[in-house]
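Chemist: I would like the atomic coordinates for the input below:
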Amino acid sequence: MKPGILAIFLCFIVGVENIGAQPIQQKSAATQHWWKEAVVYQIYPRSFKDSNGDGVGDLKGIISELDYIKSLGVDVVWLNPVYQSPNFDNGYDVSDYRKILPEFGTMADFDSLLNGMHRRGIKLVIDLVVNHSSSEHEWFKQSRSSRINPYRNYYHWWNAENGKPPYRFSLFDINHDAWKYDTLTNAYYLHYFSDKQPDLNWENPKVRNEVYSIMRFWADKGIDGFRLDAFQFVAKDTTFPMFPKGFEKNFMLYYAMQGNLHGYLQQMNQQIFSKYDVMSVAEGAGNTFEDAHNLVDSNRHELNIAYAFNGVDLAKPNGYSLLQFKSIFSQWDSAFEHSGWLAVFLANHDQARMVSRFGNDAPQFRTLSSQMLSTFLLTMRGTPFYYNGDELGMVNPNFTSIHDYRDEVILDAYKHTQLTGGNIKAFLKNLAFGARDNGRTPFPWDSSLNAGFTTGLPWIGINANYKTVNVAVEENDPNSCLNYFRKLMQLRKNNPTLVYGKYTLLDKNNPQVYAYLREDAAGKFLVVLNFSAKDAVFNNLTLMAKANVVLANYINKPSTIALRNKIPLRPYEAMVIKL
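Modeler: Below is the predicted model:
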C-alpha cells in the first residue's frame with residue numbers, strides 16, 4: 001500500500017473527520033431530556049458473552065449479564081447490529097433488516113433482551129445501517145437482475161456504454177475504487193465501503209419509505225433509539241460529476257453532508273422521531289460546526305445528538321498533543337453551549353482501546369489512566385458513549401501477526417500492501433495501535449479458560465492479561481477500574497450540574513493537565529486531570545479556598561484540599577472537587 005493510501009486507511013480506522021470552522025453561537029437555551037442525562041453503554045454482541053459455546057457472543061449471552069449491566073448504573077445500551085447478514089463487515093452489511101442473524105439468536109431472544117432491559121430501567125438503542133445494504137439483500141439481487149427491474153433504482157448504477165464512471169474513493173475496497181463492474185447488466189454499481197455493501201439510492205423516495213417502514217417495525221417493538229450508521233454519506237449528486245484529482249486525501253469534503261441530506265432527516269423526523277420517544281444520533285457530524293449544529297438544532301427537527309470524530313482522531317502511534325485535545329473539546333462545547341447536544345466518547349467498535357490510545361496501558365499506569373479518562377468522559381457536558389470493556393480498563397491485545405486479525409477490511413488492506421510493495425512491518429505496527437479488532441476482543445468475565453466468554457473457540461483472540469483484568473477480579477477490588485466507574489456514574493446521576501452545567505477551561509496552556517469547571521445554580525465542580533505519566537502541576541489562578549474532593553483515583557487522597565496557586569498532581573491523577 002502506498003504511504004498516502006495507508007494514511008487514508010488508518011485515518012478511517014481511527015476516525016475520519018476534521019472540523020475546521022469556528023464555533024457558532026445559538027440563542028435558544030438548552031432544555032432537559034432523558035437522552036441528555038443518559039450514559040450510553042455500547043455492547044459489541046459478537047464479543048460480549050457466548051451462551052452456546054460456538055465462540056461467538058449472542059443475545060442470550062447479553063441477557064445472562066443484564067444484572068451486571070444494571071450494576072454499572074448506565075441508562076442506555078447501544079447494541080451493534082444483530083440483523084441477518086453474511087457478516088462480511090461484522091453485521092454492517094445487512095441482508096434482512098427484520099430478521100436476526102442466527103448465530104446471535106432469534107427474534108424471540110431479541111424481544112426477551114428488550115423486555116429484560118426495560119424491566120431494569122435500561123433503554124435500548126439499535127444501529128440503523130441504511131447508507132448501504134448487503135449485496136445479498138433481496139433489493140440488490142433484484143436491482144442487479146435487469147435494468148428494468150422495479151428495484152433497479154434502489155441503488156446507484158452507471159451503464160458501461162457511457163464509459164467508466166468518474167472516480168469515487170472506496171474506504172474498504174482493496175483497490176479503493178467505489179465502482180464495481182457487474183457483468184449481468186453491463187453496468188457499475190457504487191459502494192463507498194466494500195463491494196459487498198452497495199450504497200442505497202436515497203434520492204429514490206421508495207428507498208426512504210422502505211427505511212421508514214423498517215424503523216416503524218423496530219420502534220413498534222419498543223426500542224428506544226436509533227444510531228444512524230454512516231448516515232452523513234447517504235445524499236449524493238446522482239449526476240456523479242468529476243471530483244478534483246486527489247480528492248480522496250480529504251474525501252469527507254465531497255462525501256459528507258451533501259445534497260438534500262437535511263431534507264431526508266427532516267422527513268425521517270416527521271415520519272418517525274416525532275411519533276416515538278426515541279433518541280436519535282447519526283454517525284458523523286460533517287465538516288464544520290455549522291454542519292453539526294444543523295443536524296441537532298431543535299428548531300430544525302432533525303436529530304438529537306451530534307457524534308463527531310475529530311477528538312478521537314488525535315490519537316496516533318507516536319502520541320498526541322493534550323493542548324490540541326483540550327482545544328478540540330473546548331471548541332465543540334463552545335459551539336453547542338446554547339443549543340444542540342453532543343456525544344462525548346473516546347472509543348467504540350471502530351476504534352482501538354481507549355486506554356491504549358489516550359492513556360497508558362503499561363501495567364503500572366493502566367488503572368490510573370483508565371480511571372482518569374473515565375473521569376473526563378463522565379464530567380464533560382454531552383451524552384457520554386462508553387464502550388464495553390473500558391469500565392475494566394481493557395487494553396489493546398498487542399497482536400503481532402496478520403493471522404490474529406479477523407476484520408476483512410484489514411485483511412484486504414494487508415493484501416494491497418503486499419501487492420504494492422508496501423512496508424509490512426510498519427503496517428502491522430500501525431495495526432497493533434489503531435486497528436478496529438483491538439477493541440473487539442472478547443469481554444473478560446473471570447480468570448477461567450477463555451475469560452469466561454465462551455466454552456468453545458473464541459472467534460478472535462482473548463487479551464493475554466485477562467486473568468487480572470476481568471469482572472470477577474475487579475468486583476472484589478474497591479479501587480478497580482470497574483468500581484471507580486460505578487462511583488463516577490453515581491456522582492453524575494446525583495449532580496445534574498455535571499450534565500447541564502456551564503463548562504469553563506482552566507490553565508489552557510498546560511501541556512500535561514486538563515482542568516475545567518462545571519457550574520450552574522445548583523453547584524460548582526472543579527475537574528483536574530493529569531494526562532501524563534509524570535508529576536504535573538495545575539496552575540490555579542482563580543480558585544483560592546478549601547474544598548471537598550468528592551472523587552479521586554488515588555487511594556490516599558484527602559477528602560478536602562486547599563486550593564493554592566499550584567496544585568501538584570501525580571501521574572494520571574484525577575480529582576473531582578466540589579467548590
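Chemist: got a list of what V94 touches?
Modeler: Listed by CB atoms under 8 Å, 6 or more residues apart in numbering, the contact partners of V94 are 81, 83-85, 129, 133-134, 137. In this view, the C-beta of every residue, glycine as well, is placed from N, C-alpha and C.
Chemist: no, scratch that, I was asking about D446
Modeler: Counting by CB under 8 Å, 6+ apart, D446 makes contact with 452, 470-473.
Chemist: So which of these sit within helices?
Modeler: Here DSSP state H is the test, and the contacts of D446 give 471-473 as lying in helices.
Chemist: From these, pick the one nearest D361.
Modeler: V473 (17.0 Å; CB to CB).
Chemist: K36: neighbour count?
Modeler: By the criterion of other CB atoms under 10 Å, K36 has 19 neighbours.
Chemist: Which residues are in contact with it?
Modeler: K36 neighbours (CB under 8 Å, 6+ apart): 30, 341, 383, 499-500.
Chemist: Could you look up the SS state of A515?
Modeler: strand (DSSP: H, G, I helix; E, B strand; the rest coil).
Chemist: Could you report the separation of it from F376?
Modeler: Distance, A515 to F376, by CB to CB, to the nearest Å: 11 Å.
Chemist: okay, the two: which has more neighbours?
Modeler: Using other CB under 10 Å, the more surrounded residue of A515 and F376 is A515, with 24 against 21.
Chemist: ok, that one - contacts?
Modeler: 505-507, 526-529, 538.
Chemist: Which of those sits closest to W35?
Modeler: V527 (22.7 Å).
Chemist: Phi and psi next, for the closest residue to that closest one other than its chain neighbours.
Modeler: Of all residues not flanking V527 in the chain, T379 sits nearest, at 4.8 Å (CB to CB, 6 or more residues apart in numbering). When read as degrees, to the nearest 10, the backbone of T379 gives phi -120, psi 0.
Chemist: quick revisit: dump the contacts of V94 to JSON lines, plus neighbour count.
Modeler: Shown next, in JSON lines, are the contacts of V94 (neighbours: other CB atoms under 10 Å):
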{"residue": "P81", "neighbour count": "25"}
{"residue": "Y83", "neighbour count": "22"}
{"residue": "Q84", "neighbour count": "20"}
{"residue": "S85", "neighbour count": "26"}
{"residue": "V129", "neighbour count": "26"}
{"residue": "S133", "neighbour count": "27"}
{"residue": "S134", "neighbour count": "27"}
{"residue": "H137", "neighbour count": "25"}
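Chemist: which one among the residues you listed gets closest to K164?
Modeler: S133 (24.2 Å).
Chemist: Not counting the helix or strand where Y414 lies itself, show me its contacts.
Modeler: Taking DSSP states H and E as the criterion, Y414 maps to helix 408-419. For helix 408-419, the external contacting residues (CB under 8 Å, 6+ apart) are 1, 5-6, 9, 88-89, 171-175, 194, 402, 405, 422-424, 427, 431, 435-437.
Chemist: So for that helix, what gets flagged as buried?
Modeler: 408-410, 412-414, 416-417 (16 or more other CB atoms under 10 Å).
Chemist: for stretch 360-376, same thing?
Modeler: 360-361, 365-376.
Chemist: do the same with stretch 513-520
Modeler: Applying 16+ other CB under 10 Å to stretch 513-520 flags 513-519 as buried.
Chemist: Same check on stretch 271-291?
Modeler: Buried residues in stretch 271-291, counted by 16+ other CB under 10 Å: 271-273, 276, 278-291.
Chemist: Show me these that map onto helices.
Modeler: 289-291.
Chemist: Which residue of the chain lies farthest from its centroid?
Modeler: For the chain, the largest distance from the centre (CA atoms, centre = their mean) belongs to E161, which lies 41.2 Å off.
Chemist: would you say that one is within a helix?
Modeler: Yes: under three-state DSSP, E161 falls within a helix.
Chemist: OK, contacts around it?
Modeler: N186.
Chemist: what about 10 Å?
Modeler: Each residue near E161 by CB atoms under 10 Å, 6 or more residues apart in numbering is listed here: 186-187.
Chemist: mind checking how far it is from K275?
Modeler: Going from E161 to K275 by CB to CB gives 45 Å.
Chemist: Low-confidence ranges, the stretch 351-500 of the chain, go.
Modeler: Within the stretch 351-500 of the chain, not a single segment meets pLDDT under 70.
Chemist: how about the helices in it?
Modeler: According to DSSP state H, counting those that start in this stretch, the stretch 351-500 of the chain carries its helices in the segments 354-358, 366-379, 408-419, 424-434, 471-475, 481-494, 497-500.
Chemist: report the angle between the axes of the second one and helix 481-494?
Modeler: So that's helix 366-379. 20 degrees (axes from the mean of the first three to the mean of the last three CA atoms, to 10 degrees).
Chemist: From the chain's centroid, how far away is helix 366-379?
Modeler: Its chain's C-alpha centre lies 17 Å from the corresponding centre of helix 366-379 when counted by CA atoms, centre = their mean, to the nearest Å.
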